[in-house]
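> Got a sequence here, can you model it:
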Amino acid sequence: MADQKQMDQGPAVPREVEEKAKRGVTHVRKATEDLGSTAGAMAEEYRGRAEAMWDDTLHRVRSFQDDSKQYVRENPTKAVLTALGVGFVLGMIFRR
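As a prediction, the model looks like this:
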């Protein structure tokens, strides 16, 4: 009858093995939390870098646009002839 009770309860687990398993679970949870916080910090750092690059790119594009407008105002004939030449070359390329 005692053997039947032990079979119903499953195999007996020594107390120290159970404690080691609990410590292992605690360690894994802590490691997971550390990994998550580190990943979050790295993501925030890269997001900051990306925003800085994006701002720099927008500044350069706006500067280029302003310089282009100024060039066209100062040299309208050259700008029109250049646009015609580029359009002609692109038309020849895409026609084929």
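> From now on I want contacts and neighbour counts done on CA atoms only, so please keep to that.
OK.
> now the longest helix anywhere in the chain: how far from the chain's centre is it?
Using DSSP state H, we find that the single longest helix of the chain is helix 15-74. Chain-centre distance of helix 15-74: 7 Å, with Cα atoms, centre = their mean, to the nearest Å.
> repeat for stretch 70-79
With Cα atoms, centre = their mean as the basis, the mean position of stretch 70-79 lies at 41 Å from the chain mean.
> Mean confidence (pLDDT) on that stretch, please.
Here stretch 70-79 scores 94 as its mean pLDDT.
> cool, stretch 15-29 as well?
Taken as a whole, stretch 15-29 carries a mean pLDDT of 87.
> how about it: buried residues?
In terms of neighbour count (16 or more other Cα atoms under 10 Å), stretch 15-29 has no buried residues at all.
> Can you list the neighbours in contact with it?
With Cα atoms under 8 Å, 6 or more residues apart in numbering as the test, stretch 15-29 has no contacts from any other residue.
> Which strand or helix spans Ala12?
Using DSSP states H and E, Ala12 sits in no helix or strand.
> what's the burial count for it?
Using other Cα atoms under 10 Å, Ala12 has 8 neighbouring residues.
> before we move on, what about Tyr71?
13.
> What's the separation between the closest residue to it other than its chain neighbours and Trp54?
Using Cα to Cα, 6 or more residues apart in numbering and skipping residues adjacent in sequence, the residue nearest Tyr71 is Ala79, 7.9 Å away. The gap separating Ala79 from Trp54 is 29 Å, by Cα to Cα, to the nearest Å.
> Those two: which has the busier surroundings?
It is Ala79, of Ala79 and Trp54, that has more neighbours when counted by other Cα under 10 Å, with 15 against 12.
> Distance-wise, check that one relative to Met92.
Counting by Cα to Cα, the separation of Ala79 from Met92 is 20 Å.
> my guess is the residue nearest to Tyr71 contacts Ser68, does it?
No. Using Cα atoms under 8 Å, Ala79 is not in contact with Ser68, being 9.5 Å away.
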